[in-house]
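Visitor: Provide a 3D model corresponding to the input given below.
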Amino acid sequence: MKRSTALMGLTLTVCALACAQENTGDRVVVPARNTTHPRVVNAALTHGSITVKTYNGKEVIVEAANSSSRRNTERTVDGLKRIDLQARGLVVEEEDNVIHVRSSSPATSNLVITVPADTSLHLRSTHGNLTAEGIHGEVEASSTNGEIRLTGISGTVVADSTNGSIKVTMDRVDPGKPIAFSTTNGNVDVTLPADLKANLKIGAFRGEVWSDFEMKLTSGQPTTSSGGSNGRFKVDFNGTMFGTINGGGTEVSLRTVNGKIMIRKK
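Guide: Down below sits the predicted model:
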């Protein structure tokens, strides 16, 4: 495995001295070792947001800005001056065009990752927002407590959040590959190509659904169950609606429990 690691390292110290400025984060450049197939970036954080942007270069550039969670503003104790240490912990690993990015620091670490447009993304944060723009590939984004914003995506998207809204704009959708958007608490706002042929599965359990597409909708089939010897019988309409746009095609799933679903035509 080819491994590039940024910890409390000499590279960062030299960079700070050469630039003659305060070192406020980590930066790793992963060279393009194999250009025969697109790269995949797997980035995961516990505390912090991840932002992905594209450029015309071939390298993947990972930058982390760490921020201390200390609230103590006291500068001196018994005549001693406090020395604030940077909380480092960025780890970047690469093997066969798959790049893994993570932070081992307990402090909040916000990542900015710059990639070629044809890169696929697997992004995950427990406490933080996820943002990506201009990606032409497969995007998977998952946040427990945070919003997801994906703009100018061409390919496929699977996005889910527990506490946070989802807003996605897709320029092109790969036919035959399903896309899905799901949150428990928040709105789902998706913009799709006007000519997309899709089968829709929509669940808004405590909210409304809005769209400027012409849709043919049908209600979901009820789930029935029998209790056997106790004589109980149950019919459950779960609120899921099914429909088609432009005659049907790609499977599209949209779901929220507490929020609205907005399906826009691009």
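Visitor: which parts of the helix or strand where residue 153 lies are buried?
Guide: For residue 153, the host element (DSSP states H and E) is strand 148-163. For strand 148-163, a neighbour-count test (16 or more other Cβ atoms under 10 Å) marks 148-150, 152-162 as buried. Quick note: C-beta positions are derived from backbone N, CA and C, even for glycine.
Visitor: tabulate the residues you listed in JSON lines, adding columns for pLDDT and distance to residue 168.
Guide: As requested, these are exported to JSON lines (pLDDT from 0 to 100; distance: Cβ to Cβ, whole Å):
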{"residue": "148", "pLDDT": "98", "distance to residue 168": "7"}
{"residue": "149", "pLDDT": "98", "distance to residue 168": "8"}
{"residue": "150", "pLDDT": "98", "distance to residue 168": "4"}
{"residue": "152", "pLDDT": "98", "distance to residue 168": "10"}
{"residue": "153", "pLDDT": "98", "distance to residue 168": "7"}
{"residue": "154", "pLDDT": "97", "distance to residue 168": "12"}
{"residue": "155", "pLDDT": "97", "distance to residue 168": "12"}
{"residue": "156", "pLDDT": "97", "distance to residue 168": "11"}
{"residue": "157", "pLDDT": "98", "distance to residue 168": "6"}
{"residue": "158", "pLDDT": "98", "distance to residue 168": "10"}
{"residue": "159", "pLDDT": "98", "distance to residue 168": "6"}
{"residue": "160", "pLDDT": "97", "distance to residue 168": "12"}
{"residue": "161", "pLDDT": "97", "distance to residue 168": "12"}
{"residue": "162", "pLDDT": "97", "distance to residue 168": "17"}
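Visitor: closest one to residue 114 out of the residues you listed, please.
Guide: residue 152 (15.0 Å; Cβ to Cβ).
Visitor: show me what contacts the spatially closest residue to the closest one that is not a sequence neighbour?
Guide: In space, and not counting its chain neighbours, residue 152 is closest to residue 134: 4.7 Å by Cβ to Cβ, 6 or more residues apart in numbering. When contacts are counted by Cβ atoms under 8 Å, 6 or more residues apart in numbering, residue 134 touches 53-54, 117, 151-153.
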